[in-house]
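Peer 1: Below: sequence and its predicted model.
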Amino acid sequence: MCTYPLVLLQVFFLMVPKDVRPQPSSSPAEAVPTPSDLGPGSSPAEAVPTPSDLGPGSQGGTPQLSKGTETPWAVPGSSTMGPTVLTPSAPGNRTVDLPVLPICVCDLTPGACDINCCCDRDCYLLHPRTVFSFCLPGSVRSSSWVCVDNSLIFRSNSPFPSRVLMDSNGVRQFCVHVNNSKLNYFQELQKVNATNFQALATEFGGRSFTSTFPTQSPSPFYRAGDPILTYFSQWSVISLLRQPAGVGAWGLCAENNPAGFLESKSTTCARFFKNLADSCTLDPALNPASYYNFTVLKIPIGMTDPQNMKFQVPVTLVSEAGSPRLAGNTCENVVSQVIYEIETNGTFGIQKVFVSFGQTNLTVEPGTSFQQQFIIRFRAFQQSPAASLLGPRSGNPGYIVGKPLLSLTDDISHAMTLLRSQGDGTCSVKRHKVQFGVNAMSGCKFRLKKLDCSHLQQEIYETLHGRPRPEHVGIFGNADPAQKGEWTRIFSRNCSVSAMHCTSCCFIPVSLEIQVLWAYIGLQSNPQAHVSRARFLYQCQSIQDSQQVTEVSLTTIVTFVDITQKPEPPRGHPRIDWKLPFDFFFPFKVAFSKGMDSQKGSVSLILILCILLLGLLILETK
């Protein structure tokens with residue numbers, strides 16, 4: 001008989017607007033009623049309302065707290081969490097507060113107590129929470145809470161532990177602890193012993209080692225990045241085309257680095273010799289023959305029958321290369337550069353392979369070292385010679401940041417370069433490429449030679465801007481050397497004008513600043529970068545003829561300036577331009593010209609029409 005009045009009271013409470021409901025306080029008596037307040041006919045179903053009554057943020061009747069309050073714990077002295085109510089008392093025989101966990105993840109010190117590790121059995125604490133300031137994550141059992149807006153709950157008869165908590169948005173939530181002993185709990189690991197080993201091996205066992213070649217059938221053609229197969233007929237061995245690369249701080253050569261199909265790249269590595277006199281003629285890395293005494297398999301499926309000549313592509317030597325030989329205190333004809341040119345024809349595979357070498361002489365001395373460069377280029381089969389001379393684009397059409405800045409000299413396109421130093425700081429023959437959109441600065445030491453002033457100036461100029469000297473710069477990344485309109489002239493100012501003011505000195509350039517003005521053009525959804533202007537600015541230094549100067553420091557600076565003019569953003573949506581016929585106001589003129597008394601009905605209709613028209617205009621302008 002007591003249930004009916006309680007239900008009516010609860011329904012009435014839920015119908016009251018949220019702003020006028022009494023808000024629960026943080027005291028234990030006011031947060032959630034005690035069990036003594038529950039009526040004899042109350043049921044646990046009153047604790048959680050139906051899904052239609054859930055507050056904001058609930059999902060499917062089981063809303064969760066935010067990430068920061070998903071697994072709340074009662075901290076002594078904390079005022080942010082509400083009290084725990086309706087929590088069943090602990091059994092009378094339980095005297096230890098230590099949670100029983102199969103794995104204690106924070107027990108890192110065997111035989112010693114780890115601070116704030118509530119599951120460490122070496123602490124021998126009856127109540128770890130009273131000793132530790134907090135419990136480390138994973139040292140207590142996780143909990144799962146189902147929460148709803150606290151204002152939706154009138155009475156709780158739930159037998160599970162419940163709390164009133166505050167979420168991240170400041171909304172009070174009524175939460176019930178879900179009775180699920182396996183949710184987020186640590187599980188006992190299964191131990192393997194002699195008894196259950198056979199059963200586990202049957203269920204989870206498999207082959208530990210698999211052979212790549214026998215189990216996997218060869219691909220009918222190369223894919224991008226696949227290693228290129230080679231065949232040594234004298235030993236009947238299938239191997240891979242190698243491209244040694246530098247590893248470690250010293251950049252030592254790693255021989256087992258495979259070359260990837262269609263991956264054109266250059267690598268550099270260093271070689272050190274304890275006794276170059278013995279390695280000169282015995283080390284295969286120094287002998288050109290070791291880089292072409294094999295054939296390349298046209299397609300991977302050729303490894304099933306490598307002796308078949310239709311699958312073999314010989315490596316063609318572009319120019320003669322002599323074998324290394326020891327002449328006195330010098331090791332001659334040492335391979336310093338290897339260049340592979342590989343022609344491919346789509347899925348038909350590799351058609352031609354060419355190799356060329358760069359060789360140098362090394363002095364035999366203890367601890368001799370030198371660098372080797374390995375270059376692999378891929379090009380389409382039967383590609384026209386004119387297309388191969390164009391070189392790769394730096395964008396199509398607009399420049400791509402990081403790609404080389406194109407320059408033109410005597411109808412020949414090449415990348416603009418800047419200074420590069422060797423190990424001892426002197427200027428190197430090899431140079432860095434100027435990358436579009438990347439500001440850079442480099443320098444080196446130039447050793448002066450016994451030359452007259454004009455020849456010395458010319459040599460330093462060539463060192464600063466490179467050979468050949470850039471005359472034009474490509475406007476777009478796909479500039480064609482045959483189209484003069486796709487290039488813009490580079491403005492430059494030399495130092496020769498200042499030399500006439502001094503008779504016993506020589507003005508030499510010591511710094512070059514490359515300034516490039518560029519901008520985005522085209523649609524904002526697909527902007528294209530192009531170069532507007534470029535110029536070379538030289539800074540000079542005077543040296544006396546009588547001075548014994550052995551070297552000067554040269555510097556190159558590259559600066560890219562963005563001069564893009566962005567359009568103004570739109571200020572609003574376009575409005576409809578109302579156009580009325582020329583006689584639209586004729587009825588108004590007639591009505592007001594004949595007097596108001598005779599035309600009362602017409603005037604009323606006209607006024608109504610004007611009001612409707614004004615309303616339409618207002619709605620249209622909003």
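Peer 2: Cool, the structure landed. All values derive from a computational prediction rather than experimental measurement.
Peer 1: Run through the stretch 201-350 of the chain and note the low-pLDDT ranges.
Peer 2: 206-216 (pLDDT under 70).
Peer 1: Do you have the helices of it handy? List them.
Peer 2: 212-215, 276-282 (DSSP state H, counting those that start in this stretch).
Peer 1: do the chain as well
Peer 2: In the chain, the helices defined using DSSP state H lie at 3-15, 28-31, 128-131, 197-204, 212-215, 276-282, 385-390, 453-465, 586-593, 600-621.
Peer 1: Lowest average pLDDT across the ones you listed?
Peer 2: Mean pLDDT is lowest for helix 28-31 out of the helices of the chain, coming in at a mean of 35.
Peer 1: Please list all residues in contact with the closest residue to Cys505 other than its chain neighbours.
Peer 2: Closest residue to Cys505 in three dimensions, ignoring its sequence neighbours and counting by Cβ to Cβ, 6 or more residues apart in numbering: Ser542, at 4.7 Å. (C-beta placed from N, C-alpha, C; glycine too.) Shown in contact with Ser542 (Cβ atoms under 8 Å, 6 or more residues apart in numbering): 502, 505-508.
Peer 1: any idea which of those residues has the most stuff around it?
Peer 2: Counting neighbours by other Cβ atoms under 10 Å, Ile508 comes out on top of the contacts of Ser542 with 23 neighbours.
Peer 1: confidence score at that residue?
Peer 2: At Ile508, pLDDT is 86.
Peer 1: list the contacts for the spatially closest residue to Cys106 that is not a sequence neighbour?
Peer 2: Nearest residue to Cys106 in three dimensions, chain neighbours excluded: Cys117, at 3.9 Å (Cβ to Cβ, 6+ apart). Applying Cβ under 8 Å, 6+ apart, we find Cys117 in contact with 104, 106-108, 123, 132, 135-136, 139.
Peer 1: Neighbour count added to those, as JSON lines?
Peer 2: What follows is those, written out as JSON lines (neighbours: other Cβ atoms under 10 Å):
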{"residue": "Cys104", "neighbour count": "20"}
{"residue": "Cys106", "neighbour count": "17"}
{"residue": "Asp107", "neighbour count": "19"}
{"residue": "Leu108", "neighbour count": "10"}
{"residue": "Cys123", "neighbour count": "19"}
{"residue": "Phe132", "neighbour count": "19"}
{"residue": "Cys135", "neighbour count": "18"}
{"residue": "Leu136", "neighbour count": "18"}
{"residue": "Ser139", "neighbour count": "22"}
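Peer 1: Can you tell me which of those residues lies closest to Ser369?
Peer 2: Leu108 (46.8 Å; Cβ to Cβ).
Peer 1: how near is that closest one to Ile115?
Peer 2: 10 Å (Cβ to Cβ, to the nearest Å).
Peer 1: and the contacts of Ser542, which of them are in strands?
Peer 2: 505-508 (DSSP state E).
Peer 1: export those residues to CSV and tack on distance to Arg469?
Peer 2: Converted to CSV, these look like this (distance: Cβ to Cβ, whole Å):
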residue, distance to Arg469
Cys505, 25
Cys506, 20
Phe507, 19
Ile508, 17
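Peer 1: and which of the residues you listed is nearest to Pro244?
Peer 2: Distances from Pro244 to those, taken by Cβ to Cβ, are shortest for Ile508, at 40.5 Å.
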